[in-house]
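A.B. asks: Make a model of this:
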Amino acid sequence: METPNLKTYLSANACTLFNYAEQFINRYYTHGQYRTAETYSATLNSFKRFRSYLDLEMNDFDGEELASYRSYLKQIGLSPNTISFYLKHLKSIYNKAVDEELIPDRKPFRQLTTAIEKTAKRAISLQALKRLKALDCSRCPSERFARDMFLFSFYTRGMSFVDIAHLQKKNLRGDVLFYRRRKTNQPLTIHWEPCMQEIMTSYLADASSPYLFSIIKEFDNNPHRQFKNAQFLINRHLKNIGKRLGLSQPLTMYCARHSWASIAYEKGIPISVISEGMGHDSEKTTRIYLTSLKTEVVDNANRKILDLL
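C.D. replies: Alright, predicted model coming up:
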């Protein structure tokens, strides 16, 4: 069902910040963009707490209100990056209201920066990865599953867990895995390697399921909730595994993506190939020199990394 135009909806309702933001977020839920919706919901909930759940007219939202909110975030001990995260998404909500001509642009964000500082290193070393692969998890099937999902992510060039969870059997065609990143909708292909097959064989969903792994149940009418629950449990087990291995940073599924990029770079694989392999364009300067990379170049790079294990 098509979500009503916000301007039409709010013309018949009070144009308050809470009201507008909730309708803004609902559009993402309606179109199945759950992660984006949750991101904006976290921002709105934070701002509601700051306001003690007292709504305000959109026209009353100004630089002074924003500065007070930022001070509040600092006082409750949030990191600069978390503060920037909330400000960035609040700015997007405000700018959308301006674009839809619901309010004039009073430029409340003009004096504030939403820049993100460098985050702590998330990659683990090749040596740590080898120890992780060799770790005996036979006594705890859930821990073994978490370890193997981490390895599968690494094997597939840092595939995000949300993409792993949504992989379907039809995505695997012969010796090539085809899928689209749910974050960017970018199509990617990965040559299917024996190490990937080994993990798939261990956890292949039953014949009645369209999914490759039984992370999302076909009969569950809320696949996003199923994925989020699985991600929470896997990351909890991975953190325990990280402690067993004596790692200095918490081990999560996202570390697999960072680790693939880091190890690839250490082994001399060009940044342009790494960027192509991971399906993002963050290496913009390098990609200026390229129009496209042949799939086999990326697959050879992946095989080169996997042979190190």
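A.B. asks: What's the mean pLDDT across stretch 164-173?
C.D. replies: In this model, stretch 164-173 has a mean pLDDT of 95.
A.B. asks: Contacts for that stretch, please.
C.D. replies: Contacting residues not belonging to stretch 164-173 are listed as 149, 152-153, 156, 177-179, 182, 192, 200, 205, 210-213, 215-216, 223, 226-227, 230-231 [CB atoms under 8 Å, 6 or more residues apart in numbering]. Yep, even glycine has a C-beta here, placed from its N, CA and C like the rest.
A.B. asks: mind running it again at 7 Å?
C.D. replies: For stretch 164-173, the surrounding residues in contact (CB atoms under 7 Å, 6 or more residues apart in numbering) are 149, 152-153, 177-179, 182, 192, 210-213, 215-216, 227, 230.
A.B. asks: Likewise for stretch 244-251?
C.D. replies: With CB under 7 Å, 6+ apart, stretch 244-251 has contacts from 120, 121, 122, 124, 128, 131, 132, 238, 239, 241, 242.
A.B. asks: coming back round to it: neighbour-wise, give me the winner out of the contacts of stretch 164-173.
C.D. replies: Tallying neighbours with other CB atoms under 10 Å puts residue 149 at the head of the contacts of stretch 164-173, with 26 neighbours.
A.B. asks: correct me, but that residue touches residue 231?
C.D. replies: No - under the criterion of CB atoms under 7 Å, residue 149 makes no contact with residue 231, lying 9.4 Å away.
A.B. asks: between these two, what contacts are shared?
C.D. replies: 161, 253.
A.B. asks: are any of the contacts of stretch 244-251 buried, and which?
C.D. replies: 122, 124, 128, 131, 132, 238, 239, 241, 242 (16 or more other CB atoms under 10 Å).
A.B. asks: to the chain's geometric centre, what's the distance from the strand or helix carrying residue 277?
C.D. replies: Taking DSSP states H and E as the definition, residue 277 sits inside helix 271-278. With CA atoms, centre = their mean, to the nearest Å as the basis, helix 271-278 stands 18 Å off its chain's centre.
A.B. asks: about what we covered before: could I get the buried ones among the contacts of stretch 244-251 as TSV with pLDDT and secondary structure?
C.D. replies: Converted to TSV, those look like this (pLDDT from 0 to 100; DSSP: H, G, I helix; E, B strand; the rest coil):
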residue	pLDDT	secondary structure
122	77	coil
124	89	coil
128	94	helix
131	96	helix
132	96	helix
238	96	helix
239	95	helix
241	96	helix
242	95	helix
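A.B. asks: between these, which is nearest residue 21?
C.D. replies: residue 122 (30.6 Å; CB to CB).
A.B. asks: And for that closest one, nearest residue in space, chain neighbours not counted?
C.D. replies: residue 258 (4.1 Å; CB to CB, 6 or more residues apart in numbering).
A.B. asks: Buried residues, the helix or strand hosting the one you found. List them.
C.D. replies: Using DSSP H and E, residue 258 sits within helix 253-266. Using 16+ other CB under 10 Å as the test for burial, helix 253-266 gives 253, 254, 255, 256, 257, 258, 259, 260, 261, 262, 263, 264.
A.B. asks: Over to residue 176: give its phi and psi.
C.D. replies: phi -130, psi 130 (degrees, to the nearest 10).
A.B. asks: doesn't residue 193 make contact with it?
C.D. replies: No - using CB under 7 Å, residue 176 is not in contact with residue 193, being 10.9 Å away.
A.B. asks: which stretches of this protein form strands?
C.D. replies: 172-173, 176-180, 187-191 (DSSP state E).
A.B. asks: Is it possible to get a markdown table of those that adds distance to residue 77?
C.D. replies: Compiled in a markdown table, the strands of the chain are given as follows (distance: least, CB to CB, whole Å):
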| stretch | distance to residue 77 |
| --- | --- |
| strand 172-173 | 46 |
| strand 176-180 | 39 |
| strand 187-191 | 39 |
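A.B. asks: Between these, which one is closest to residue 69.
C.D. replies: When those are compared by CB to CB, strand 176-180 sits nearest residue 69, at 36.5 Å.
A.B. asks: what's the angle between the closest one and strand 187-191?
C.D. replies: 160 degrees (axes from the mean of the first three to the mean of the last three CA atoms, to 10 degrees).
A.B. asks: Direction included, what does strand 176-180 pair up with?
C.D. replies: strand 172-173 (antiparallel), strand 187-191 (antiparallel) (DSSP bridges).
A.B. asks: Kindly format the C-alpha coordinates of that strand as PDB.
C.D. replies: The C-alpha trace of strand 176-180 is given here as PDB (Å, rounded to 0.1, in the frame of the first residue of the first chain):
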ATOM      1  CA  VAL A 176      29.000 -18.700  -9.000                       C
ATOM      2  CA  LEU A 177      27.100 -16.900  -6.300                       C
ATOM      3  CA  PHE A 178      25.000 -14.000  -7.500                       C
ATOM      4  CA  TYR A 179      23.400 -11.600  -5.000                       C
ATOM      5  CA  ARG A 180      22.600  -7.900  -4.400                       C
END
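A.B. asks: Lovely, talk soon.
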